[in-house]
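Peer 1: quick one, fold the following:
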Amino acid sequence: MNLLWCRPGVGGSEEYLTRQLAGIAAIGHPVDVEVFAPRGFSARLPAVAAAFRVHEAPSDCTRRPERVMLEHTWLASRTAGFDLVHHGGGTVPRWGNARTLLTVHDVQWVDYPGYVRAVKRAYLRTVVPRSLARAAHIAVPTGFVRSSLVQHFGTPQEKISVVRHGLEPEMDAPTPGDELRRRYGLGDGPVLLFPAITHPHKNHAFVLGLLAHAGGAWSDPSLRVVFAGSAGHAEAEVRATVASLGLADRVVMPGRVPGADRNGLLAIADAMVFPSTYEGFGAPLIEAMRMGAPVIASDCASIPEVMGGAGLVLPLDEQAWAGALDEVRSRRDEMRAGGAARAANYTAELSAHDLVGAYGRVPA
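Peer 2: Numbering: from 1, shown residues only. I've put the predicted structure just below:
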């Protein structure tokens with residue numbers, strides 16, 4: 001498994017593959033997986049290193065040109081005799097073992113080119129179509145991404161397998177709610193959580209607009225919304241909007257929080273809000289459902305497919321969201337039960353079974 005692109009800050013796409021590895025270890029399937037990763041990977045992800053043989057590259061692979069060079073040299077030479085090479089980062093090198101499975105997480109850059117920087121967009125326009133053609137088989141997290149590849153690139157549908165996301169059996173024990181309220185200054189009132197990096201497509205501005213203009217439960221001065229995620233391309237814009245709308249006392253921006261804190265925030269939250277305009281999957285959706293938080297989400301991209309009716313999936317219209325907080329409060333027990341049932345379809349073991357099935361569909 002080629003994970004050379006897995007460097008700190010990658011986020012959900014790294015979790016997708018490492019959770020699949022955890023699932024493979026758990027189901028005991030006779031697939032002998034060796035991991036090729038950046039220098040320092042084993043120390044950062046010791047559970048993976050304990051379960052699989054990890055080959056660390058002579059670089060931390062933080063620079064794309066260096067990583068690409070290593071894929072064509074160091075990786076290619078060491079995997080030439082393997083039965084299959086799984087490239088997890090969305091591209092396939094021009095040289096190396098031809099029996100490949102390629103994981104494509106999303107093609108956001110096609111639908112929303114403005115969300116991707118020009119240099120990266122140019123790189124993807126060149127490399128991704130060639131990689132899709134060169135890959136022996138392709139894995140995607142949702143039917144939405146599969147349809148996108150068929151539509152935009154003409155990839156044959158039979159060449160693509162859906163390999164769902166999955167959560168590990170044991171998630172971090174939630175930090176107690178009282179401690180979180182003290183640490184993050186949440187007061188005694190209701191809490192909403194939005195766990196997302198501040199990239200433009202995550203749409204933090206929509207939540208800020210609700211707080212400022214929607215009225216009703218959204219205008220409750222004791223309501224606190226936690227934007228829990230790393231600083232993205234729209235970080236400065238989000239912070240400026242918070243200030244301009246006078247929401248500094250109602251919006252908490254602690255950056256990316258530990259898993260235990262995230263789980264604790266989900267446990268005390270009235271809801272997890274997720275107004276994203278684009279997701280290839282959206283792992284926070286199943287994390288929230290697993291931890292018992294009702295979900296209010298947009299109806300964009302893969303989100304309705306992942307939610308499966310287990311939460312409020314609404315168009316990105318302020319009026320459509322105006323009564324959402326009252327609804328989740330009145331239906332909390334029902335939505336928690338529906339979310340738990342839905343999350344049971346997304347385990348690391350089921351994801352691993354999907355992946356092993358995709359391996360079996362790689363042509364000999």
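Peer 1: doesn't Thr103 make contact with His86?
Peer 2: Yes: assessed by CB atoms under 8 Å, His86 is found in contact with Thr103 at 7.1 Å. (C-beta placed from N, C-alpha, C; glycine too.)
Peer 1: Val226: how many residues sit nearby?
Peer 2: The number of residues packed near Val226 is 23, by other CB atoms under 10 Å.
Peer 1: centre of the chain versus the one helix or strand it maps to, how much separation?
Peer 2: For Val226, the element it lies in under DSSP states H and E is strand 224-227. Computed by CA atoms, centre = their mean, to the nearest Å, the chain-centroid distance of strand 224-227 equals 19 Å.
Peer 1: what packs against it?
Peer 2: Counting by 3 or more CB pairs under 8 Å, 6 or more residues apart in numbering; DSSP states H and E, the packing neighbours recorded for strand 224-227 are strand 191-194, helix 204-209, strand 251-252.
Peer 1: return the list of helices and strands in contact with whatever helix or strand comes next after that strand.
Peer 2: Per DSSP H and E, the first helix or strand lying C-terminal to strand 224-227 is helix 235-244. For helix 235-244, the contact count by 3+ CB pairs under 8 Å, 6+ apart identifies helix 204-209 as packing neighbours.
Peer 1: for the chain, name the helix or strand with the lowest mean pLDDT.
Peer 2: None of the helices or strands of the chain scores lower by mean pLDDT, DSSP states H and E than helix 12-27, at a mean of 90.
Peer 1: what does that helix contact?
Peer 2: With CB atoms under 8 Å, 6 or more residues apart in numbering as the test, helix 12-27 has contacts from 1, 3, 6, 31, 33, 35, 45, 47-48, 51-52, 88-89, 103, 105, 141, 163, 165-169, 281, 283, 347-353, 355-356.
Peer 1: got the buried residues for the following helix or strand past that helix?
Peer 2: Scanning forward in sequence from helix 12-27 by DSSP H and E, the next helix or strand is strand 34-37. By neighbour count on 16 or more other CB atoms under 10 Å, the buried set for strand 34-37 is Val35, Phe36, Ala37.
Peer 1: how about residues contacting strand 34-37?
Peer 2: Residues outside strand 34-37 that contact it (CB under 8 Å, 6+ apart) are 1-4, 6, 21, 41, 48, 52-57, 75, 78-79, 82.
Peer 1: next one: stretch 203-216
Peer 2: Outside of stretch 203-216, the residues within contact range by CB under 8 Å, 6+ apart are 192, 194, 196, 198, 218-219, 223, 225, 227, 234, 237-238, 241-242, 245-247, 250-251, 273, 275-277, 298, 316, 318, 321-323, 325-326.
Peer 1: any of those buried? List them.
Peer 2: Going by neighbour count (16+ other CB under 10 Å), the contacts of stretch 203-216 have 192, 194, 196, 198, 218, 223, 225, 227, 234, 238, 241-242, 245, 250-251, 273, 275-277, 298, 321-322, 325 buried.
Peer 1: restricted to strands, list the contacts of helix 12-27.
Peer 2: Among those, the ones falling in strands (DSSP state E) are Val35, Thr103.
Peer 1: buried ones among the contacts of helix 12-27?
Peer 2: 1, 3, 6, 33, 35, 45, 48, 52, 88-89, 103, 105, 141, 163, 165-168, 281, 283, 347-353, 355-356.
Peer 1: those residues in helices, which ones?
Peer 2: With helices taken from DSSP state H, the overlap with those comprises Val48, Ala283, Ala348, Glu349, Leu350, Ser351, Ala352, His353, Leu355, Val356.
Peer 1: please identify which pair of these lies farthest apart.
Peer 2: Across these, no pair lies farther apart than Ala283 and Val356, at 20.5 Å, counting by CB to CB.
Peer 1: isn't His72 up against Trp95?
Peer 2: Yes: if you go by CB under 8 Å, His72 and Trp95 touch, sitting 5.1 Å apart.
Peer 1: below-threshold pLDDT in the chain: ranges please.
Peer 2: Residue ranges of the chain with pLDDT under 70: 8-11.
Peer 1: domain ranges for it?
Peer 2: As given by automatic domain parsing, the domain ranges for the chain are 12-168+348-360, 177-343.
Peer 1: nearest to Gly255, of the ones in helices among the buried ones among the contacts of helix 12-27?
Peer 2: Among these, and counting by CB to CB, the member closest to Gly255 is Ala283, at 18.1 Å.
Peer 1: just put the ones in helices among the buried ones among the contacts of helix 12-27 in a markdown table and tack on distance to Trp109.
Peer 2: Shown next, in a markdown table, are those (distance: CB to CB, whole Å):
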| residue | distance to Trp109 |
| --- | --- |
| Val48 | 28 |
| Ala283 | 19 |
| Ala348 | 28 |
| Glu349 | 32 |
| Leu350 | 29 |
| Ser351 | 25 |
| Ala352 | 28 |
| His353 | 30 |
| Leu355 | 24 |
| Val356 | 29 |
